[in-house]
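[1] Coordinates only, no sequence provided:
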């Protein structure tokens, strides 16, 4: 599923080859097929852990990325796709309510076209990469070297099939008789369902969305927020992946680049990251546990309280004044 040159490899004490986790979905699929195999379906899972991928040189990107994600496993239904995409939209809106976008596509559209070419797997991967990076000149030249026919013509136009409702008219025009119509029909139906959210130009059709992960089998999507050039959300449907672990079932999900979103928020000038409590509680000698319980009581009532670990009440009051904490209580 992942190019060897993108993986971090090392050996253990017995000389066995180990690989740092490049993806979270595959190990989750393995757990579902083994430890969770008797769980009633569908199941909803989430995770928060690191992945490791070789970053392109000179790009300044970290090779270690913290991801948070969800997986909805055990359903191949349209409802499951709509739920996963809707949650992705909620995440984007919570990060940047007015300046986000979600691009959706269907990997089957590309697969139906490219699989009709007289090309090997290496050539297909080269085509996929040119489409993903929207490298129009290189894509056109490479497809011309393979041949000029209705399939290569359609693939040349694929990276330009990007926008709103109007994309479907052009897409239907170029895919007639290619077998890609069913994928386009399904994507169109998803787009119409999501239109009730009134996202306007925040919801974008991108038929050039052809992620590298080979396990995607249907709807794919990427989410962006203003100020970050790369996608902060990526996901889609992967109905064949669990078959690799002898547990065939439908599944869909997405991952969030937690690091990118965190760095964006830390750079926002209008965001206050103060952890100041409403009340700072100081404990007189011998009353430490009483003060700690009082802090818990205040927090349970919805009052943000914090325990002072300074030695004297005077130091506590000076600290509160310097931080702008309105109230100090002594127990």
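    Structure received. Quick caveat, the model's predicted, so the values are computed rather than measured.
[2] Check which helices and strands the helix or strand bottoming out on mean pLDDT in the chain is in contact with.
    None of the helices or strands of the chain scores lower by mean pLDDT, DSSP states H and E than helix 258-267, at a mean of 84. When contacts are defined as 3 or more C-beta pairs under 8 Å, 6 or more residues apart in numbering; DSSP states H and E, helix 258-267 packs onto strand 64-73, helix 78-95. No exception for glycine: its C-beta is placed from N, CA and C like everyone else's.
[3] Tell me if I am right that residue 148 is in a strand.
    No: per DSSP: H, G, I helix; E, B strand; the rest coil, residue 148 lies outside any strand segment and is coil.
[4] Distance check, it against residue 225.
    As judged by C-beta to C-beta, to the nearest Å, residue 148 and residue 225 stand 41 Å apart.
[5] Please list the outside residues in contact with the least confident helix or strand of the chain.
    If you take C-beta atoms under 8 Å, 6 or more residues apart in numbering as the criterion, helix 258-267 is touched by 48, 62, 65-68, 95, 225, 227-228, 230, 232, 271, 273.
[6] Buried residues, that helix. List them.
    258-261, 264 (16 or more other C-beta atoms under 10 Å).
[7] Same question for stretch 78-91.
    For stretch 78-91, the neighbour count (16+ other C-beta under 10 Å) marks 80-85, 87-89, 91 as buried.
[8] Residue 148 and residue 225: who's more crowded?
    residue 225 (22 against 10; other C-beta atoms under 10 Å).
[9] For the more buried one, grab phi and psi.
    Torsion angles at residue 225 (phi, psi; degrees, to the nearest 10) stand at phi -130, psi 150.
[10] quick one on the thing from earlier: buried among the contacts of helix 258-267? Need that as a selection in ChimeraX.
    Remark: buried members of the contacts of helix 258-267, expressed as a ChimeraX selection using 16+ other C-beta under 10 Å:
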select :65,66,67,68,95,225,228,232
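[11] Now do the strands in this structure.
    9-11, 17-19, 43-52, 64-73, 100-106, 162-163, 203-206, 219-225, 233-237, 251-257, 279-282, 305-307, 327-330 (DSSP state E).
[12] Residue 27 is nearest to which of those strands?
    strand 43-52 (9.0 Å; C-beta to C-beta).
[13] In its sheet, which strands sit next to the closest one, and in what direction?
    Neighbouring strands of strand 43-52 in its sheet, by DSSP bridges, are strand 64-73 (antiparallel).
[14] residues in contact with the partner strand?
    Residues from elsewhere that reach strand 64-73, judged by C-beta under 8 Å, 6+ apart: 24-25, 28-29, 32, 41-53, 80, 83-84, 87, 235, 242, 249-259.
[15] try stretch 236-243
    Stretch 236-243 has contacts (C-beta under 8 Å, 6+ apart) with 25-26, 29, 32-33, 73, 76, 81, 107, 211, 213, 215-221, 248-254.
[16] 7 Å - rerun?
    Contacting residues not belonging to stretch 236-243 are listed as 25-26, 29, 32-33, 76, 81, 107, 215-221, 248-252 [C-beta atoms under 7 Å, 6 or more residues apart in numbering].
[17] Tell me how many other residues crowd the closest residue to residue 32 other than its chain neighbours.
    Closest residue to residue 32 apart from its sequence neighbours, by C-beta to C-beta, 6 or more residues apart in numbering: residue 73 at 5.5 Å. Neighbours of residue 73 under the rule other C-beta under 10 Å: 25.
[18] Distance from the chain centre to stretch 276-294, please.
    Centroid separation between stretch 276-294 and its chain, computed with C-alpha atoms, centre = their mean, to the nearest Å, is 42 Å.
[19] thinking again about what came up before, mind putting the contacts of helix 258-267 into JSON lines with distance to residue 321 and pLDDT?
    Shown next, in JSON lines, are the contacts of helix 258-267 (distance: C-beta to C-beta, whole Å; pLDDT from 0 to 100):
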{"residue": "48", "distance to residue 321": "37", "pLDDT": "95"}
{"residue": "62", "distance to residue 321": "39", "pLDDT": "81"}
{"residue": "65", "distance to residue 321": "41", "pLDDT": "91"}
{"residue": "66", "distance to residue 321": "36", "pLDDT": "93"}
{"residue": "67", "distance to residue 321": "41", "pLDDT": "94"}
{"residue": "68", "distance to residue 321": "38", "pLDDT": "95"}
{"residue": "95", "distance to residue 321": "34", "pLDDT": "85"}
{"residue": "225", "distance to residue 321": "37", "pLDDT": "92"}
{"residue": "227", "distance to residue 321": "35", "pLDDT": "83"}
{"residue": "228", "distance to residue 321": "38", "pLDDT": "86"}
{"residue": "230", "distance to residue 321": "43", "pLDDT": "87"}
{"residue": "232", "distance to residue 321": "39", "pLDDT": "94"}
{"residue": "271", "distance to residue 321": "24", "pLDDT": "58"}
{"residue": "273", "distance to residue 321": "20", "pLDDT": "56"}
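[20] Turn the contacts of helix 258-267 into a markdown table, including distance to residue 164.
    Supplementary listing: the contacts of helix 258-267 in a markdown table, determined by distance: C-beta to C-beta, whole Å:
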| residue | distance to residue 164 |
| --- | --- |
| 48 | 34 |
| 62 | 34 |
| 65 | 31 |
| 66 | 33 |
| 67 | 30 |
| 68 | 29 |
| 95 | 23 |
| 225 | 20 |
| 227 | 23 |
| 228 | 23 |
| 230 | 23 |
| 232 | 22 |
| 271 | 32 |
| 273 | 37 |
